[in-house]
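1. Need coordinates for the following:
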Amino acid sequence: MTGPTPGPSETGALYVASDGSTMWFSAQPAAVMAAKVPVAPGAVVQVDVAEPDRVVAWTAGARAGSHLVPSADPLPPVGLHEFPAPARLPAHWARLGLVHGVRRWLPQPVAEDTLIVDLALAAADAGLHDEALARFDLASATLIRLAEECLAGELPAVMRPQLTAAASTAAELLSGTPDGDELAELADDLSIPGVATPPPELPVLFGGRREGDGLSVDSYRVDPKLAPARILRWNGAEVPEVLVGGVDGSTVVYVTLAADVLATDREVVDLRLSVVDRRTGLVLATYRMGRSGDRPGELTVALPDSHPGVETSLHIHSAGVVPDFRYSTVGGHLVTADRWLVDAWSLSRLRTAGGWAASDEERHGWYQAQDAFEDLAGLPQVIGFGDAPWLAGVRWAAGTPTADDAHGRLRAVSDMREAMAVRSGAPELGPLLAEYEFVATADNPDGPFTDPAGSTFEDE
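-> Numbers count the residues shown, from 1 in each chain. Below is the predicted model:
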């Protein structure tokens, strides 16, 4: 007698390599994006950023050991096998996964130094004391600043519990140092309840689009999987970051950096532009982005017309990694869906930090992602790993989802939104210090969110 068939979130595909290392992919991949969380030497789990206690993939070396990564005893033969999903992560590990997810995927320019404080506190709560010590040592000045600004009423009182926990944990880890002593005093001061402050006004998170001074002849949207979040200015899922103009007979590509990002920052220096043959996926040329002479917040590169008769696409990506360019029609739909998902997810997190109701713009993002998946389901299918449901995660990783996989992703997004509503008060899912700080200090000269087309979405 057989039991019930496992649901997509309860099973997945285990790949066993010849050296004994393993990889596992959930049959229900991340609804939004996956965040990587190192859990032990040689072992990494990936979690859904919207449900960070749900493991969607993991990798483990032959000798890696972690209670968070299931082991098969005996190990199956080399190849792909159906394998059950691991248990949900404990709350502290889920919180660490969330911080890693916000740091990797949130497109709005939250402060990196405050994210280091968030990472330090989450690492300490997860029992990673060496990592917590290193991060608190790096970010102690930032933590002191945040605590002082909160005590002075410059940051909202809702940050006090997290700041108290961070300051007291850092004081213990940095005991005997000047910063440790100062943080111990600040932790005592923060433990006294502060006066509740009203939520800030709903900020303008998207700036206006620059059209290249009338020179724009083409534009491209950056694949969020290829470039670090918060490096380039984000004006919403629909607005291309890459503008192409003709200057003196040459083709010039422009991208604008996010606020407070410098052209000399390492991640900016590592940005590259690749020209890809849209038919074959062949990389025809790769260029280093350079600073614009008259616009310090802009990167440019001049492209020679060396590929006549070839339909090409442009891709911004980081150097030092092998980029997976999504150049095909299917790839374009996947990029569109991912941009809308990141957009809607980021707005949902920031409006929670600000204490606002869901906006039309956030709902618009979820619906647009749904449309992209429905379009994807109607495209011709390329099946390279078999069509078994438990292989869905492998097909997504390879960029070859089937129509059933697209419909499954739609269900995953719907399930995730329901779970977010039910679990909205769970501490491990709550706003980070960096998110609170961003919404409390965001510039708000013009009122509510403004969409790129010019219409205004009023907060409800």
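2. how about the strands in this structure?
-> 11-16, 22-26, 34-40, 43-48, 51-60, 79-84, 216-220, 242-247, 250-256, 271-277, 283-288, 290-291, 298-303, 312-318 (DSSP state E).
3. so which of those gets nearest residue 418?
-> Among the strands of the chain, the nearest to residue 418 by CB to CB is strand 51-60 (10.7 Å). Placement of C-beta: from N, CA and C, glycine included.
4. Could you export the strands of the chain as a markdown table, including mean pLDDT and distance to residue 348?
-> Formatted as a markdown table, the strands of the chain follow (pLDDT from 0 to 100; distance: least, CB to CB, whole Å):
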| stretch | mean pLDDT | distance to residue 348 |
| --- | --- | --- |
| strand 11-16 | 94 | 26 |
| strand 22-26 | 95 | 22 |
| strand 34-40 | 93 | 16 |
| strand 43-48 | 94 | 14 |
| strand 51-60 | 94 | 13 |
| strand 79-84 | 94 | 30 |
| strand 216-220 | 72 | 26 |
| strand 242-247 | 82 | 26 |
| strand 250-256 | 86 | 25 |
| strand 271-277 | 92 | 28 |
| strand 283-288 | 92 | 36 |
| strand 290-291 | 86 | 35 |
| strand 298-303 | 90 | 30 |
| strand 312-318 | 90 | 26 |
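5. Of all those strands, which one is nearest residue 180?
-> Going by CB to CB, the one of those nearest residue 180 is strand 34-40, 26.1 Å.
6. coming back round to it: need the strands of the chain in a markdown table with mean neighbour count and distance to residue 229, can you?
-> Formatted as a markdown table, those follow (neighbours: other CB atoms under 10 Å; distance: least, CB to CB, whole Å):
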| stretch | mean neighbour count | distance to residue 229 |
| --- | --- | --- |
| strand 11-16 | 22 | 26 |
| strand 22-26 | 24 | 23 |
| strand 34-40 | 21 | 11 |
| strand 43-48 | 24 | 16 |
| strand 51-60 | 24 | 16 |
| strand 79-84 | 16 | 31 |
| strand 216-220 | 15 | 17 |
| strand 242-247 | 18 | 16 |
| strand 250-256 | 19 | 14 |
| strand 271-277 | 20 | 13 |
| strand 283-288 | 14 | 21 |
| strand 290-291 | 14 | 21 |
| strand 298-303 | 18 | 17 |
| strand 312-318 | 19 | 12 |
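7. out of those, nearest to residue 138?
-> Between the strands of the chain, strand 34-40 lies closest to residue 138; by CB to CB that is 17.2 Å.
8. neighbours around residue 426, how many?
-> If you count neighbours by other CB atoms under 10 Å, residue 426 ends up with 14.
9. leaving aside the residues next to it on the chain, what's closest to it?
-> residue 91 (7.6 Å; CB to CB, 6 or more residues apart in numbering).
10. Tell me who's in contact with the residue nearest to the spatial centre of the chain.
-> Nearest to the geometric centre of the chain sits residue 105, at 1.4 Å (CA atoms, centre = their mean). When the contact criterion is CB atoms under 8 Å, 6 or more residues apart in numbering, the partners of residue 105 are 32-33, 35, 49, 224, 229, 342, 345-346.
11. Where do the helices of the stretch 301-450 of the chain begin and end?
-> With DSSP state H, counting those that start in this stretch as the criterion, the stretch 301-450 of the chain has helices at 329-354, 360-377, 392-398, 403-422, 433-441.
12. And residue 29, how far from residue 277?
-> 28 Å (CB to CB, to the nearest Å).
13. circling back to that earlier point, so which of the contacts of residue 105 sits lowest on pLDDT?
-> Looking at the contacts of residue 105 by pLDDT, the weakest one is residue 229, with 83.
14. Identify the residues contacting it.
-> 103-107.
15. Need those in CSV (columns: pLDDT and distance to residue 179).
-> Putting the contacts of residue 229 into CSV (pLDDT from 0 to 100; distance: CB to CB, whole Å) gives the following:
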residue, pLDDT, distance to residue 179
103, 95, 23
104, 95, 28
105, 96, 31
106, 95, 28
107, 94, 32
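16. most neighbours, which of those residues?
-> Neighbour max across the contacts of residue 229 (other CB under 10 Å) = residue 107, 25 neighbours.
17. Please report how far residue 241 lies from residue 224.
-> Taken as CB to CB, the span from residue 241 to residue 224 is 10 Å.
18. how many other residues sit next to residue 97?
-> 29.
19. Ignore what I typed, I meant residue 133.
-> Based on other CB under 10 Å, the number of other residues close to residue 133 is 18.
20. what residues are up against it?
-> So residue 133 contacts 173-174 (CB under 8 Å, 6+ apart).
21. repeat that with 10 Å
-> 120, 123-124, 169-170, 172-174 (CB atoms under 10 Å, 6 or more residues apart in numbering).
22. What is the neighbour count of residue 344?
-> 25.
23. so it makes contact with residue 372?
-> No: with contact defined as CB atoms under 10 Å, residue 344 does not count as touching residue 372 (11.8 Å).
24. Name the residues of stretch 104-124 that are buried.
-> 104-112, 114-124 (16 or more other CB atoms under 10 Å).
25. Ignore what I typed, I meant stretch 320-330.
-> 323-328, 330.
26. Over to stretch 423-436?
-> Residues 428-436 are the ones in stretch 423-436 that count as buried (16+ other CB under 10 Å).
27. re earlier: specify which member of the contacts of residue 105 is nearest to residue 299.
-> The closest of these, once distances to residue 299 are taken by CB to CB, is residue 229, at 16.6 Å.
28. ok, that closest one to residue 360 distance?
-> Applying CB to CB to residue 229 and residue 360 gives a distance of 24 Å.
29. picking up where we left off before, would you mind giving the contacts of residue 105 as JSON lines with distance to residue 257 added?
-> Shown next, in JSON lines, are the contacts of residue 105 (distance: CB to CB, whole Å):
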{"residue": "32", "distance to residue 257": "25"}
{"residue": "33", "distance to residue 257": "22"}
{"residue": "35", "distance to residue 257": "24"}
{"residue": "49", "distance to residue 257": "24"}
{"residue": "224", "distance to residue 257": "16"}
{"residue": "229", "distance to residue 257": "13"}
{"residue": "342", "distance to residue 257": "18"}
{"residue": "345", "distance to residue 257": "23"}
{"residue": "346", "distance to residue 257": "18"}
